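Enquirer: Here is a sequence with its predicted model. Questions after.
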Amino acid sequence: MIKRLIIDAAYALQTSKSYQSKKHFFRNLLENNKYKYKKYVDIFMMTLIFASVAVLIREVKHPIHDYLFYFNSYVISIIFFIEYLLRFWIHSDISKIIINQAEHDSLLARKFDVLKAFNKILKVKASYVFSMTAIIDLLAVMPFFHELRLLRLFILFRVFKLFRYANSFQTLTSVLATKKFEFITLAIFASIVIFVSSVLIYVMEANNASSPIDTLFEAVYWSIVTISTVGYGDIVPVTYEGRIVALIVITSGIAVLAFTTSLVVSAFTEKLDEIKEVKTVEDITKLKHFYLLCGYESVAKDVAKKLAKRRNSIIILDEDESRVEDAKKDGFTALNYDPGKLESYKKLHINMQTQVKAVLCLRESDVANVYSALTIRSINKEVPILSLLIEESNRKKLQFAGINNIIYPQELVGLITKELVGQPVAFEVIHELRSEESNVHIAELAVTQRILESFSTVGNLGNKKFRVVLLGIYKHAHKRFYFNPLDDTFLENGDFLLVIGNKVFIKEFEKHLHTKVNNA
């Protein structure tokens with residue numbers, strides 16, 4: 001009967017939406033660094049810690065008001081105790097352990113083993129209770145028992161709780177933990193040196209009336225101060241033998257210090273890229289809107305630079321480390337993630353629906369673009385995706401992958417070729433335009449409603465006065481590009497002017513368009 005009640009209660013808790021949502025809320029609030037409200041809880045708890053320590057310092061030489069005393073001893077302690085209980089609660093799922101044990105026993109045609117289930121629960125909860133962070137949390141509650149004055153000194157343990165709330169402290173701890181074995185080895189070596197030198201200096205100095213070292217404690221104190229290379233000078237050996245011991249300890253201290261420094265530096269060096277990556281991901285999650293570029297090759301570089309000029313936030317994903325480094329050198333936020341793998345987006349912790357303006361698959365490989373698009377569509381069905389098409393035969397594959405807009409560069413090349421057939425000099429011009437050393441640039445200028453108020457036709461633009469050639473116009477309404485349009489061609493909102501000329505002249509022409517509008 002009791003076993004049945006325990007199992008029913010476990011299933012009730014496991015299937016209760018209210019209970020699970022509350023537990024999920026507190027788990028996010030206390031443990032999830034990505035949760036938007038956690039930082040406010042951390043700031044509040046750190047404020048309590050500093051306030052508590054400030055009160056302790058104040059009352060050393062000055063009487064404090066009763067309300068400060070009760071606030072420090074009772075209110076803060078109760079808040080910390082509630083936090084301790086909440087962390088104890090969310091550390092593991094008791095109901096799930098019971099259900100798993102009951103289903104396991106049922107599968108083996110055995111009766112539900114209550115003791116085994118409770119033993120598992122006890123082990124899981126004990127792993128939290130005896131963890132270092134939980135012990136610090138519990139010690140921080142001790143000042144509640146203010147009648148025992150010694151326990152009030154446990155207020156200082158509240159300072160150690162800062163390690164829980166500050167991400168930088170957590171990062172430092174995780175970095176140093178990678179060298180755990182080396183630090184243990186170093187601690188053992190230092191302990192042996194301290195122990196041996198303490199005994200030696202005590203034997204050499206204790207019977208000398210002029211020596212300041214009279215007790216074993218003083219010998220240990222001298223050894224620790226000396227091996228740490230601090231050297232206060234309050235206790236120094238006076239015998240010849242004692243000074244020899246001092247030389248050995250000083251030399252050992254230099255070795256310990258050098259070894260410690262090298263360990264810390266190597267730990268941070270090994271983890272530096274990982275730390276930078278974590279910081280980059282955190283910064284990305286804070287962005288409201290951005291363009292996601294999959295790949296950073298020639299086309300992607302040009303697109304990224306143009307988007308950046310318009311002050312758009314850009315995130316670049318590429319599995320090739322050299323291309324990622326190129327993107328970073330160009331001033332973009334880039335991660336060495338494969339855009340075709342689901343794990344990459346899980347690491348990012350981004351909301352495709354609200355944060356991503358559009359996904360641009362600009363790899364020079366249709367297969368890579370298809371994989372990227374399929375992966376993104378498995379996460380979100382609505383986010384706009386634009387892709388580069390390399391081979392016309394793969395167009396249907398890209399469409400099937402859920403890509404909204406497909407750009408096929410050969411279509412534009414074909415139009416240019418059609419216009420310039422039999423004109424080899426014209427092809428040389430096109431080649432020169434593509435050269436990075438050329439001062440001639442191709443630019444696209446958007447036709448806005450403000451520009452239409454003063455320029456209704458192509459002939460009104462006045463581009464010739466600025467030595468700018470109008471190559472053609474893309475008519476947004478017709479979805480078609482027209483080369484060398486006639487002067488009486490009407491301009492419409494959303495059209496694009498494709499112009500060629502010196503970069504400075506193009507800038508002046510663009511300024512002329514807007515100046516003309518402003519003066520109209």
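Expert: Now that the structure is in, tell me what you want to look at. Numbering: from 1, shown residues only.
Enquirer: which stretches of the chain have low pLDDT?
Expert: In the prediction, the chain carries residues with pLDDT under 70 at positions 142-170, 409-440, 514, 516-520.
Enquirer: Where is the longest helix in this protein?
Expert: Secondary structure of the chain per DSSP state H: the longest helix is helix 240-285.
Enquirer: Return the list of helices and strands in contact with the helix or strand just after it.
Expert: Using DSSP states H and E, the helix or strand that follows helix 240-285 in sequence is strand 290-294. Applying 3 or more Cβ pairs under 8 Å, 6 or more residues apart in numbering; DSSP states H and E, one finds that strand 290-294 makes contact with helix 298-309, strand 314-317, strand 356-361, helix 366-379. (C-beta placed from N, C-alpha, C; glycine too.)
Enquirer: rerun at 6 Å
Expert: Strand 290-294 sits against helix 298-309, strand 314-317, strand 356-361, with contacts defined as 3 or more Cβ pairs under 6 Å, 6 or more residues apart in numbering; DSSP states H and E.
Enquirer: quick one, which of these is nearest to A10?
Expert: Smallest distance to A10 across the helices and strands packed on strand 290-294 (Cβ to Cβ): 40.7 Å, for strand 356-361.
Enquirer: Enumerate every residue touching I235.
Expert: Each residue near I235 by Cβ atoms under 6 Å, 6 or more residues apart in numbering is listed here: 212, 222.
Enquirer: Repeat the analysis, applying 7 Å as the threshold.
Expert: By Cβ atoms under 7 Å, 6 or more residues apart in numbering, the residues touching I235 are 212-213, 218, 221-222.
Enquirer: Report the outermost residue of this protein with respect to its centre.
Expert: Distance to the chain centre peaks in the chain at A209, reaching 62.2 Å (criterion: Cα atoms, centre = their mean).
Enquirer: So that residue, which state does it fall into?
Expert: For A209, the assignment made with DSSP: H, G, I helix; E, B strand; the rest coil gives coil.
Enquirer: From L139, how far off is it?
Expert: To L139, A209 is 44 Å away according to Cβ to Cβ, to the nearest Å.
Enquirer: Same check on I227?
Expert: I227 is 29 Å from L139, by Cβ to Cβ.
Enquirer: which of those two has more neighbours?
Expert: With neighbours defined as other Cβ atoms under 10 Å, I227 and L139 compare such that I227 has more, 21 against 18.
Enquirer: Not counting residues beside it along the chain, what's closest to the more buried one?
Expert: Nearest residue to I227, sequence neighbours excluded (Cβ to Cβ, 6 or more residues apart in numbering): G253, at 4.0 Å.
Enquirer: Surely the one you found is in contact with T229?
Expert: Yes: between G253 and T229 there is a contact under Cβ atoms under 7 Å: 4.7 Å.
Enquirer: between the two, which one's more packed in?
Expert: Ranked by neighbour count (other Cβ under 10 Å), G253 and T229 place G253 first, with 23 against 12.
Enquirer: quick one, strands of the stretch 51-200 of the chain?
Expert: With DSSP state E, counting those that start in this stretch as the criterion, the stretch 51-200 of the chain has no strands.
Enquirer: Would you map the helices across it?
Expert: 66-70, 76-90, 94-107, 114-129, 132-139, 149-152, 157-160, 162-165, 167-177, 180-205 (DSSP state H, counting those that start in this stretch).
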